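In: My questions concern the predicted model and sequence given below.
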Amino acid sequence: REELRAGKGIKLAISDGYKRAYSAIIDGNLTTLLTGVVLYVFGTGPIKGFATTLVIGILTSLFTAIFITRLIYEYLLKRNAKLTFSIPLTENVLKNTRIDFIGMRKYFYVASASILLIGVISLFVRGLNQGIDFSGGRTFVIRFDETVRTQDIAQSLVPVFGEMPQVVTFGADNQVKITTKYKIDEPGVDDEVDTMLYEGLKPVIGDNVSREQFLSDYRQQSETIGPTVAKDIKIKAFYSVAIALIIIFLYIFMRFRNWQYGFGAIATLIHDSLLVIGIYSLLWGVLPFSLEIDQAFIAAILTVIGYSVNDTVIVFDRVREFLPLYRKRPLKEVLNMALNATLSRTLNTSFTTLLTITAIFIFGGAVIRGFIFALMIGIIVGTYSSIFVSTMIVYDTSRKRGIKIDSKTKMQE
């Protein structure tokens, strides 16, 4: 569509469109692929399965985006089919925009810094709702015959556990998730804990329900993670995020031949990760679904990192394309041109992805709602940062010396 707007015929527009998009598609998908590999190496259980699915999905979508769609268009062109890439309503949307993004960068810096500051304050004041993956403990998903109040369930368990467990609604109003650290340091007490749980919930389920019936019919799910395992998972989570950021920095540095690009990308990814974490700190206990920080949340952060860098690479790729063509123009002007040229592509990609994620959030069930919420926030934040943060950082770290264009880039252009 960008090539058509430049006045090219449909055949040349398709040919040049694919040719110019190759590097952005490959760079964006490879960076996401790298985060998937890191997630697979450091993840356990279902997270490793998620990473496997992510990697397979990236490889297949890369193949279809470059090869299959091109075959379809070539097939249609040979039969002189009429191809359109917009409707009258959207044909001129975001066409020939001339927004001075670089000139407004200080406002975006202030906005990002303010939100980050609020998130950091919340981290110190409220902290995070750490799941048992990171804190150790036991969780039970209990489904009752009728609607229950979480406060009543928590109060009924205080006498047996000696402290108030965390109880949240899990899906339907008659189902709750109970988290407790009762005797988590003592081995071989699982049966005792099950009995204590049964005794504590007797006033709610009724005296006519036996222990065996309670465990088979009411208890839907249970999980136990010891403190040693939780500490190991927490360390692996930290390493996975750190290694993913380092790998992305090195990849972008090698591909774009300038540390400014790598620094801009990493600063953006740290910005995105901290914003998502800050929002989780602010909203846990407020929203009607679980916002636990666990392995699934780390998987979401790494997925957000991969998605965000994908958007960022699209802009960087256009900057790399424009710099040799407009050598005599100020760097600020070239960066603004690149941002405006990719604005439609960035927003379209993010909007279509957000539609899919929103559908999963609504219909996917309570088990993955917290994970999907992190992805939703991450996509919004990642889109914002790829437009208003990453390129601004490249500008501020490059304007004194200018971005050096290597000879290989000149030859390619």
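Out: Thanks, I have the structure now.
In: Would you mind pulling up the elements that the helix or strand where Thr53 lies packs against?
Out: According to DSSP states H and E, Thr53 maps onto helix 46-63. Counting contacts by 3 or more Cβ pairs under 8 Å, 6 or more residues apart in numbering; DSSP states H and E, helix 46-63 is packed against helix 10-42, helix 295-325. In short, each C-beta sits where N, CA and C put it, glycine included.
In: Which stretch among these approaches Arg98 most closely?
Out: Comparing the helices and strands packed on helix 46-63 by their distance to Arg98 (Cβ to Cβ), the top pick is helix 295-325, with 14.5 Å.
In: In the protein, which residue is most central in space?
Out: Val304 (2.3 Å; Cα atoms, centre = their mean).
In: and the residue nearest to it when sequence neighbours are not counted, how many neighbours?
Out: Using Cβ to Cβ, 6 or more residues apart in numbering and skipping residues adjacent in sequence, the residue nearest Val304 is Gly378, 3.0 Å away. A count of neighbours around Gly378, defined by other Cβ atoms under 10 Å, yields 25.
In: try Glu333
Out: Residues near Glu333, counting by other Cβ under 10 Å: 13.
In: before we move on, what about the one 5 residues further on?
Out: Other residues within reach of Ala338 by the criterion other Cβ under 10 Å amount to 23.
In: ok, it touching Val315?
Out: Yes. Judged on Cβ atoms under 8 Å, Ala338 makes contact with Val315 at a distance of 6.0 Å.
In: quick one: low-confidence ranges for this structure?
Out: 44-45, 91, 133, 226-230, 367, 399-413 (pLDDT under 70).
In: Tell me where the stretch 301-413 of the chain has helices.
Out: Under the criterion DSSP state H, counting those that start in this stretch, helices of the stretch 301-413 of the chain are mapped to 331-363, 369-388, 390-398, 407-412.
In: where's the nearest residue to Thr397 once chain neighbours are set aside, which helix or strand?
Out: Excluding the flanking residues, the one nearest Thr397 by Cβ to Cβ, 6+ apart is Gln260, at 4.7 Å. Gln260 is part of helix 259-283 when elements are defined by DSSP H and E.
In: Report the angle between that helix and helix 10-42.
Out: 60 degrees (axes from the mean of the first three to the mean of the last three Cα atoms, to 10 degrees).
In: just how off-centre is helix 259-283 within its chain?
Out: Centre-to-centre, helix 259-283 and its host chain are 11 Å apart (Cα atoms, centre = their mean, to the nearest Å).
In: go on, stretch 310-321?
Out: Counting by Cα atoms, centre = their mean, stretch 310-321 comes out at 19 Å from the chain centroid.
In: ok, residues contacting that stretch?
Out: With contact meaning Cβ atoms under 8 Å, 6 or more residues apart in numbering, stretch 310-321 is reached by 20, 23-24, 27-29, 31-32, 252, 256, 261, 264-265, 268, 334-335, 338-339, 341-342, 345-346, 349-350, 382-383, 385-387, 390-391, 394, 409, 413.
In: tell me the contacts of the residue nearest to Gly262 when sequence neighbours are not counted?
Out: Distance criterion Cβ to Cβ, 6+ apart; nearest residue to Gly262, sequence neighbours excluded, is Phe253 at 3.9 Å. Applying Cβ under 8 Å, 6+ apart to Phe253 gives the contacts Trp259, Tyr261, Gly262.
In: who wins for most neighbours among those?
Out: Tyr261 (26 neighbours).
In: residues in contact with it?
Out: Counted by Cβ under 8 Å, 6+ apart, Tyr261 has contacts Ile252, Phe253, Phe316, Val394.
In: again, but for Val209
Out: By Cβ under 8 Å, 6+ apart, the contact list for Val209 reads Lys202, Asp217, Tyr218.
In: before we move on, what about Pro203?
Out: Ser156.
In: And for Ile360?
Out: With Cβ under 8 Å, 6+ apart, Ile360 has these contacts: Ile368, Ile372.
In: what about it, distance to Tyr280?
Out: 18 Å (Cβ to Cβ, to the nearest Å).
In: cool, and Glu192?
Out: 33 Å.
In: now swap in Val38 and tell me
Out: Taking Cβ to Cβ, one finds Val38 at 21 Å from Tyr280.
In: what's around Ile298, how many residues?
Out: 24.
In: picking up where we left off before, redo the contacts of Phe253 as a markdown table? Include distance to Asp173.
Out: Shown next, in a markdown table, are the contacts of Phe253 (distance: Cβ to Cβ, whole Å):
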| residue | distance to Asp173 |
| --- | --- |
| Trp259 | 54 |
| Tyr261 | 50 |
| Gly262 | 49 |
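In: From these, pick the one nearest Leu77.
Out: Lowest distance from Leu77 to the contacts of Phe253 (Cβ to Cβ) belongs to Tyr261, with 35.8 Å.
In: Distance-wise, check Ser61 relative to Leu201.
Out: Per Cβ to Cβ, Ser61 is found 46 Å from Leu201.
In: more neighbours, those two?
Out: Remark: of Ser61 and Leu201, Leu201 carries more neighbours, 24 against 14, as counted by other Cβ under 10 Å.
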